[in-house]
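> for reference, the sequence and a predicted model appear below.
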Amino acid sequence: MRYWLVTIGALLLAGASIVLIDNGIYHLVRTGSCGSSSTYVTSRPCPPGTGGHILGLIGGVFGALIAVGIYAARGRKGGGSATVGLGLILWSLIFITIPVSMLVAAYGPANNHNSGARTTAIVLAARASSTDGWSPNVCTSSTRSGERRNVRRRFP
């Protein structure tokens with residue numbers, strides 16, 4: 001019973017974190033550049049709620065990391081150690097849904113006709129849809145018999 005409660009709790013936290021991240025990105029892209037200060041004059045003050053969207057974005061990132069940790073610590077159904085499969089899934093979902101939320105903010109019905117937002121949305125969407133995508137792929141190498149084995153990639 002504990003296994004399933006922890007698994008469902010981690011998945012719910014991961015889903016809520018993705019929603020918080022994408023909601024924050026969507027609203028911040030629609031807001032564009034703004035500033036609020038009592039010491040200097042800004043050309044465009046930040047609308048009410050901008051701070052909440054920034055906090056939601058930051059909270060979503062930390063919530064996603066916590067969800068992966070909870071999921072990894074849940075153990076196996078039989079009592080052994082757990083795999084960390086949620087990390088790769090969550091990473092991929094976040095970097096696929098961020099360009100989608102940016103595209104909706106830049107080109108959707110409530111867009112603000114900002115060329116910078118549109119260019120960034122196109123670049124990120126193209127990058128996310130490329131063959132390697134944003135996901136940290138497991139490095140594999142083929143052997144002579146055609147089997148695939150994991151290899152370590154060395155970075156300079």
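Structure received. The shown structure was predicted, so the numbers you read here are calculated from the model rather than taken from an experiment.
> quick one, longest helix in the protein?
Using DSSP state H to assign secondary structure, the helix with the most residues in the chain is helix 2-31.
> quick one: buried residues of that one?
Counting neighbours by 16 or more other C-beta atoms under 10 Å, one finds that the buried residues in helix 2-31 are 6-7, 10-11, 13-14, 17-18, 20-31. C-beta coordinates here come from the backbone N, C-alpha and C atoms, glycine included.
> go on, stretch 59-66?
Of the residues in stretch 59-66, those buried by neighbour count under the rule 16+ other C-beta under 10 Å are 59-60, 63-64.
> filter these down to the ones in strands?
Within these, membership in strands is found for no residue, as judged by DSSP state E.
> let me have the residues you listed in JSON lines, adding distance to P109 and pLDDT as columns.
Conversion of the buried residues of stretch 59-66 to JSON lines gives the following (distance: C-beta to C-beta, whole Å; pLDDT from 0 to 100):
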{"residue": "G59", "distance to P109": "27", "pLDDT": "96"}
{"residue": "G60", "distance to P109": "24", "pLDDT": "95"}
{"residue": "G63", "distance to P109": "29", "pLDDT": "95"}
{"residue": "A64", "distance to P109": "29", "pLDDT": "93"}
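> from the chain's centroid, how far away is the longest helix of the chain?
9 Å (C-alpha atoms, centre = their mean, to the nearest Å).
> helices or strands up against it?
Contact analysis of helix 2-31 by 3 or more C-beta pairs under 8 Å, 6 or more residues apart in numbering; DSSP states H and E lists helix 50-72, helix 85-107, helix 115-128 as its packing neighbours.
> mind putting those helices in a markdown table, distance to M1 included?
Formatted as a markdown table, these follow (distance: least, C-beta to C-beta, whole Å):
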| stretch | distance to M1 |
| --- | --- |
| helix 50-72 | 16 |
| helix 85-107 | 20 |
| helix 115-128 | 38 |
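> out of those, which is the most enclosed?
Between the helices and strands packed on helix 2-31, the one whose residues have the most neighbours on average, counting mean count of other C-beta atoms under 10 Å, is helix 85-107 (a mean of 18).
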